[in-house]
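Colleague: After the sequence you'll find the predicted model.
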Amino acid sequence: MSVIKELWRSLIDSLIGLGAVVRFLLRMIVVTPSALLRFDLIVAQIFNSGALSLVIIMLSGLFVGMVLGLQGFQLLQRFGSEDSLGIAAAIGLVKELGPVVTALLFAGRAGTALASELGLMRATDQLSAMEMMAVDPITRVVVPRFLGGVIAMPLLAAIFSLIGIYGAQLIGVQIMGVDSGSFWSQMRGGVGLADINEGIVKSLIFGVACSLIAVYEGYYATPTAAGVGTATTRTVVTSAVVVLFLDYLLTAAFL
Amino acid sequence: MPLDWCGVPPAQLNQDSPIVEIRNLGYAVGGRPIFDGLDMDIPRGKVTAVMGPSGTGKTTLLRLVTGQVRADTGSIHVAGEDLRNLKRADLYALRRRMGMLFQNGALLTDLSVFENVAFPIREHTDLPERLIRQLVLIKLEAVGLRGAADLMPSELSGGMGRRVALARAIVMDPEILIYDEPFVGLDPISMGVILRLIRRLNDTLGLTSIVVSHDVQEISAVSDNVFLLSAGKVVAHGSPQELRANPSEVVRQFVGGLPDGPVAFHYPAPDYYGQLLARGEDH
């Protein structure tokens, strides 16, 4: 009986939490027009979330692509269809691995940075100081960071997929000896606009989710050292679970 | 003299009425009352100190006066505005007429000293860069840190950081300047500097200063009048001299720095011997 009670409680708690996040999102949307007037702030955040994550995204993309080339080759060889490696790798990267792995890396690299930055600003009264200077911290600090993340995420996912395809080609064509012509031509023939759209929509939605979780956790962090640490951890854990869950929903929706 | 937004020197509008009027204020956190029937009038153009033992809600009082939190009961009027029915935009308009120095300075850590002081100007006006530069340098000169304009907040000592924050607080020429524990963690020299600044800024800029502090001797030296808070109420108020002559036990304990008195040394606890001799696991 008490187990059911516990479950019920935690279900209610998570619904309350979800409601708070949605309210926060609505509050951000209301002030977004005035935040857009300060586009320089958004550009700075695209740099912070996007450009500074480039190295880790590109390296991971390369390795994921190389693994894909190796595994894909092994698998396809069993059916004698290793010529299809190109399309297999491209579809896998553009629709699935690109958005998902990028989102997970994004949460780890940019999400934690956002959450700890906002949490520390809260802990050192910087957000209250802004409010006292009649500057709304949501408009000035939170929304530019959120939008920066949302814009950076699809770009990062695209770069991840691009480098991943190069990695798959490196292993499949250069080392395993798949025919270069059929690798590229099958990819060109098989990957449609719908596949690319799926990838873009997914990475946009993941970008919204990861950025929202990061700024929410940071903005409402308990203003202590331990509180900022907790906020950072929660950002990564929640983002990972939410991204994988949304990925399933979106994949099902696109079928 | 600071001008308000219509260009009228505010002191001429209502010379005698108090700039902050608190009536029958009640405020509770998590069911624990912080204030219960607090009344306070803060006069215009003076340095007013709000003192009291830790935990009497001095900082909470500042948050109430600045509209960061709302009172449960009672009313607060600041510069003629009733905080109870102020919309967000009006509250922000009111806050432009206030400056606040936070306990730790609260400088924006990703901006230089210059940009920190320029921040309110850049956010609220479209002044040309040359004018912003002059305004910022004037304010930095007033706190003696014009030479530190290019430093980052992490390169400043505690006292310097607070002076930069002070320059930022006065850059929009506020009518009310609020200090939250401005002396905490400062060495005697920095403390002396801040004390002198509080008095000098108040008199030269013609503003109203509210200083929350528990450094009795220091703040008595510069303030015109003092409110002593204890257990959510004003237990004494008057000039620093009047306070020193006050016979009440609470006032004497606080002003004299006595460890035990109406404010007990011991946190409420069960019987000492009984607890020491008790067997069992609850401590």
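Modeller: Arrived safely. Numbering: from 1, shown residues only, chains lettered A, B, ... in the order given.
Colleague: Name the helix or strand for residue 35, please.
Modeller: If you meant another chain, say so; for now it's chain A. helix A:2-36 (DSSP states H and E).
Colleague: ah, I was thinking of chain B
Modeller: Using DSSP H and E, residue B:35 sits within strand B:32-42.
Colleague: Quick check: mean pLDDT of the very next helix or strand once past that strand?
Modeller: Following strand B:32-42 in sequence order, the next helix or strand is strand B:47-51 (DSSP H and E). Averaging the model's pLDDT scores along strand B:47-51 yields 91.
Colleague: name the helices or strands packed onto strand B:47-51?
Modeller: Using 3 or more CB pairs under 8 Å, 6 or more residues apart in numbering or on different chains; DSSP states H and E, the elements in contact with strand B:47-51 are helix B:58-65, helix B:188-205, strand B:208-212, helix B:216-222, strand B:225-230. Glycine gets a C-beta too; all of them are placed from N, C-alpha and C.
Colleague: Single out the most deeply packed of these.
Modeller: Ranked by mean neighbour count, those are led by strand B:208-212 with a mean of 25 (mean count of other CB atoms under 10 Å in any protein chain shown).
Colleague: Could you confirm whether that one reaches chain A?
Modeller: No: judged by CB under 8 Å from any CB of the partner chain, strand B:208-212 makes no contact with chain A; its nearest approach is 13.1 Å.
Colleague: circling back to that earlier point, would you convert the helices and strands packed on strand B:47-51 into a markdown table that also reports mean pLDDT?
Modeller: Listed next are these as a markdown table, based on pLDDT from 0 to 100:
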| stretch | mean pLDDT |
| --- | --- |
| helix B:58-65 | 88 |
| helix B:188-205 | 88 |
| strand B:208-212 | 92 |
| helix B:216-222 | 83 |
| strand B:225-230 | 88 |
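Colleague: Residue A:44: helix or strand, and which one exactly?
Modeller: Residue A:44 belongs to helix A:39-49 when assigned by DSSP H and E.
Colleague: tell me what that helix is packed against?
Modeller: Helices and strands touching helix A:39-49, by 3+ CB pairs under 8 Å, 6+ apart, are helix A:2-36, helix A:112-123, helix A:143-169.
Colleague: packing partners for the shortest one?
Modeller: Helix A:112-123 makes packing contacts with helix A:39-49, helix A:143-169, helix A:193-219, helix A:225-254 when contacts are defined by 3+ CB pairs under 8 Å, 6+ apart.
Colleague: CA atoms of stretch A:65-74 as PDB?
Modeller: Taking C-alpha atoms only, stretch A:65-74 is exported to PDB below (Å, rounded to 0.1, in the frame of the first residue of the first chain):
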ATOM      1  CA  GLY A  65      30.700   7.600 -37.600                       C
ATOM      2  CA  MET A  66      33.800   5.400 -37.600                       C
ATOM      3  CA  VAL A  67      32.000   2.900 -35.300                       C
ATOM      4  CA  LEU A  68      29.000   3.000 -37.500                       C
ATOM      5  CA  GLY A  69      31.200   2.300 -40.500                       C
ATOM      6  CA  LEU A  70      32.800  -0.700 -38.800                       C
ATOM      7  CA  GLN A  71      29.600  -2.200 -37.300                       C
ATOM      8  CA  GLY A  72      27.500  -1.400 -40.400                       C
ATOM      9  CA  PHE A  73      30.100  -3.100 -42.600                       C
ATOM     10  CA  GLN A  74      30.200  -6.200 -40.500                       C
END
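Colleague: Now it: average pLDDT?
Modeller: Averaged across stretch A:65-74, the pLDDT comes to 94.
Colleague: and the nearest residue to residue B:20 once chain neighbours are set aside, how many neighbours does it have?
Modeller: Using CB to CB, 6 or more residues apart in numbering or on different chains and skipping residues adjacent in sequence, the residue nearest residue B:20 is residue B:42, 3.9 Å away. Residue B:42: 20 surrounding residues under other CB atoms under 10 Å in any protein chain shown.
Colleague: Quick check: residue B:42 touching residue B:209?
Modeller: No: counting by CB atoms under 8 Å, residue B:42 does not reach residue B:209; the two are 9.5 Å apart.
Colleague: pLDDT score assigned to residue 150?
Modeller: All of this is about chain A. pLDDT, residue A:150: 95.
Colleague: Please refer instead to chain B.
Modeller: At residue B:150, pLDDT is 94.
Colleague: list the contacts for it?
Modeller: Residues near residue B:150 by CB atoms under 8 Å, 6 or more residues apart in numbering or on different chains: B:112-114.
Colleague: Mind checking which of these land in helices?
Modeller: Judged by DSSP state H, the contacts of residue B:150 include B:113-114 as members of helices.
Colleague: For residue B:169, grab phi and psi.
Modeller: Backbone torsions for residue B:169, taken as degrees, to the nearest 10, come to phi -70, psi -30.
Colleague: in the sheet, who's paired with the nearest residue to it once chain neighbours are set aside?
Modeller: Closest residue in space to residue B:169, ignoring its immediate chain neighbours: residue B:99 at 3.3 Å, by CB to CB, 6+ apart. Judged by DSSP bridges, the bridge partners of residue B:99 are residue B:177.
Colleague: ok, now which ones touch the nearest residue to residue B:170 once chain neighbours are set aside?
Modeller: With sequence-adjacent residues excluded and distances taken as CB to CB, 6+ apart, residue B:170 is closest to residue B:99, at 5.5 Å. Shown in contact with residue B:99 (CB under 8 Å, 6+ apart): A:132, B:168-170, B:172, B:174, B:176-178.
Colleague: go with 7 Å
Modeller: Applying CB atoms under 7 Å, 6 or more residues apart in numbering or on different chains, we find residue B:99 in contact with B:169-170, B:174, B:177-178.
Colleague: Likewise for residue B:118?
Modeller: Contacts of residue B:118 (CB under 7 Å, 6+ apart): B:132, B:136.
Colleague: what's the pLDDT at residue 135?
Modeller: No chain was given, so I picked chain A. The per-residue pLDDT reported for residue A:135 equals 92.
Colleague: other chain: chain B
Modeller: Predicted confidence (pLDDT) for residue B:135: 93.
Colleague: since we're on it, how many residues are nearby?
Modeller: 18.
Colleague: Next up, the contacts around the residue nearest to the spatial centre of chain A.
Modeller: What sits nearest the mean C-alpha location of chain A, by CA atoms, centre = their mean, is residue A:103, with 2.3 Å. With contacts defined as CB under 7 Å, 6+ apart, residue A:103 is in contact with A:153, A:206, A:210, A:243.
Colleague: hang on, the earlier thing: mean confidence score for the helix holding residue A:35?
Modeller: 92.
Colleague: May I see the buried residues of it?
Modeller: Counting neighbours by 16 or more other CB atoms under 10 Å in any protein chain shown, one finds that the buried residues in helix A:2-36 are A:21, A:24, A:28, A:35.
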